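*Asks:* fold the following and give me the result.
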Amino acid sequence: MSQTSEGVTTATVSSLTGTEREIMVLERDDAVEIIERLRETHHDQRGRAFLLNITPLILRMGARWEAKREVVFEHLKTGFERRFPEPNWCIAVSENTWLAVLPTEASRKGAMSVVDMWLDLGNFFVGDLSDADVPLYAVEAYDVDKFAIARIRMNTFFERDEEEAHSVRARPGAMPEAAEKRTEASPQMAAIQRPVIVAQSVAYAGRTVRVASSAEPLFEMRKMVMIGHRLEAMVIEGSENTLLDRKALANMDWNLREQVDVANIEQGIKLIRLKEPDARKMLMVVPAAFSTFASNRARARITQEVSKAAAEMNLKVLFEVRGLDGVPPHRILEIVSLIKPFCMTVVGSVSADRKSIAALHKCGLSGVCVEYDGVKREDAALNDYLSALSTAAKASAGACMVQGFDNYRQMAVARMAGVTHASIKATAMMSAKVSDQPATA
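*Replies:* Purely as a prediction, here's the structure:
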């Protein structure tokens, strides 16, 4: 018999199905009530009860655990109840285990949801845990104060499930033991599919560039929940194979920039279509330069294609007008009025300085988007930097969106700094997978 935590002991047994399991003793006053609740509903027999062992998180937190214990379990509880209303329920069983019962979800989907919550928990408190083995167990009521638990390995456990007999498909962050086979990963708070990057070449007046597109995960920061994707382009100079920065894009010929924006939007929509409906979330952020939106031809093409795709995928659209530094407010207001009927709202993108941000006041925008400069900062310095930007953005247009964070720790700091929305770079989540396609623009 092995001691797993204070008040919980386990011993190895074998279930009727032949799966090696452990008996987990619940040494707590309400143990009988927990067991009876499972037995009365039979949710455990239907594969809807899961146990998460958070010991790996505790070890990483070290001395911080004692002070953060209640906060950790409250984070799990709050995230669970936000996503899964009654009759779903959860409870902290011991100091290092947490029970989740999901009668409204299919067995495999429920397990995946708990994996997502585990990755969310790790990212919030200690950083990315997607490379670690997921400490997830299936649970059955065994005795008046005991669980029978069996380790769940997502790539094999459900293959014998009669309800869902097909093999489990690669799932974000759910199969560290099969990492060499997976095409997706998710260090996220809700299911983030590992992004794929695709590219094509466009040309104008003898200049050729490659447009590599990705669907960046977009988060609402107050609840730290993923709400959609941002169609982001990386533009590479064809002759020199160098990545063009914000300044180089701003100086690009308007006709070539139009082709870049259209190519990025078309490719980005294709990437979102490849995702499972649930993974698309609710929002699609579509960026294009002010000069592109000012073109009648380009604006008609973009609004038509985006509206059609959004309707087919049941998504809301947020247009992001880029390159607004130095543009007169009345011209911004004019373009916003032309594209607003085709979307939920419009935000404007400028350089990350307070003067540029302040210039967007009273331009019809719902928020300001700035690109993270990529400078490595300590958490305190990053908080000060982002606080100044978010304060300016909120005063100017009501919301602050930061695009292109390198990791989730930066996003956690951004949340404390008052940033309302943020996206993380696809290149920070994976090695780029680029496939050339013939130009369509």
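
*Asks:* please make it C-alpha for all contacts and neighbour counts, starting now.
*Replies:* Fine.

*Asks:* quick one, what contacts residue 50?
*Replies:* If a contact means CA atoms under 8 Å, 6 or more residues apart in numbering, then residue 50 has 99-101, 111, 114, 136-139 as its contacts.

*Asks:* please name the bridge partners of residue 150.
*Replies:* Beta-bridge partners recorded for residue 150 (DSSP bridges): residue 138.

*Asks:* what's the burial count for it?
*Replies:* Look at residue 150: counted by other CA atoms under 10 Å, it has 23 neighbours.

*Asks:* buried ones in stretch 313-329, by neighbour count?
*Replies:* Buried residues in stretch 313-329, defined by neighbour count with 16 or more other CA atoms under 10 Å: 313, 315-325.

*Asks:* which ones among those map onto helices?
*Replies:* Using DSSP state H, the subset of those located in helices is residue 313.

*Asks:* which one of the buried residues of stretch 313-329 sits closest to residue 91?
*Replies:* residue 315 (33.8 Å; CA to CA).

*Asks:* pLDDT score for the closest one?
*Replies:* The per-residue pLDDT reported for residue 315 equals 96.

*Asks:* please apply the same query to residue 212.
*Replies:* You'll see residue 212 listed with a pLDDT of 89.

*Asks:* so what pairs up with the residue lying closest to it once chain neighbours are set aside in the strands?
*Replies:* Spatial nearest neighbour of residue 212, excluding adjacent residues (CA to CA, 6 or more residues apart in numbering): residue 199 at 4.0 Å. Assessed by DSSP bridges, residue 199 has beta-bridge partners residue 212, residue 436.

*Asks:* so where's this protein shaky on pLDDT?
*Replies:* 1-20, 155-198, 426-441 (pLDDT under 70).

*Asks:* for the contacts of residue 50, give me TSV that also has distance to residue 61.
*Replies:* Formatted as TSV, those follow (distance: CA to CA, whole Å):
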residue	distance to residue 61
99	21
100	23
101	26
111	25
114	20
136	19
137	22
138	25
139	26
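
*Asks:* gap between stretch 244-263 and the chain center?
*Replies:* Centroid displacement of stretch 244-263 relative to its chain, using CA atoms, centre = their mean, to the nearest Å, is 28 Å.

*Asks:* can you start the count at 691 instead of 1 from here on
*Replies:* All right, first residue 691 from here; so that's stretch 934-953.

*Asks:* please identify the buried residues of that stretch?
*Replies:* Neighbour counts using 16+ other CA under 10 Å place 939-940, 944, 946-953 of stretch 934-953 among the buried residues.

*Asks:* ok, now stretch 824-835?
*Replies:* In terms of neighbour count (16+ other CA under 10 Å), stretch 824-835 has its buried residues at 824-833, 835.

*Asks:* what's the answer for stretch 1074-1087, then?
*Replies:* Neighbour-count burial for stretch 1074-1087 [16+ other CA under 10 Å]: 1076-1077, 1079-1087.

*Asks:* which one's the longest helix in this protein?
*Replies:* With secondary structure taken from DSSP H, the chain has its longest helix at helix 944-964.

*Asks:* and residue 1045, how far from residue 895?
*Replies:* Taking CA to CA, to the nearest Å as the measure, residue 1045 falls 35 Å from residue 895.

*Asks:* nearest to residue 1055 among the contacts of residue 740?
*Replies:* Nearest member of the contacts of residue 740 to residue 1055, counting by CA to CA, is residue 804, at 37.8 Å.

*Asks:* run a quick neighbour tally on that closest one.
*Replies:* By other CA under 10 Å, the residues close to residue 804 number 24.

*Asks:* how about the strands in the stretch 941-1090 of the chain?
*Replies:* In the stretch 941-1090 of the chain, the segments counted as strands under DSSP state E, counting those that start in this stretch are 973-979, 1006-1012, 1035-1039, 1058-1061, 1090-1095.

*Asks:* elements contacting the helix or strand following the last one?
*Replies:* Toward the C-terminal end, the helix or strand that comes next after strand 1090-1095 (DSSP states H and E) is helix 1098-1106. Helices and strands touching helix 1098-1106, by 3 or more CA pairs under 8 Å, 6 or more residues apart in numbering; DSSP states H and E, are helix 797-815, helix 1069-1087.
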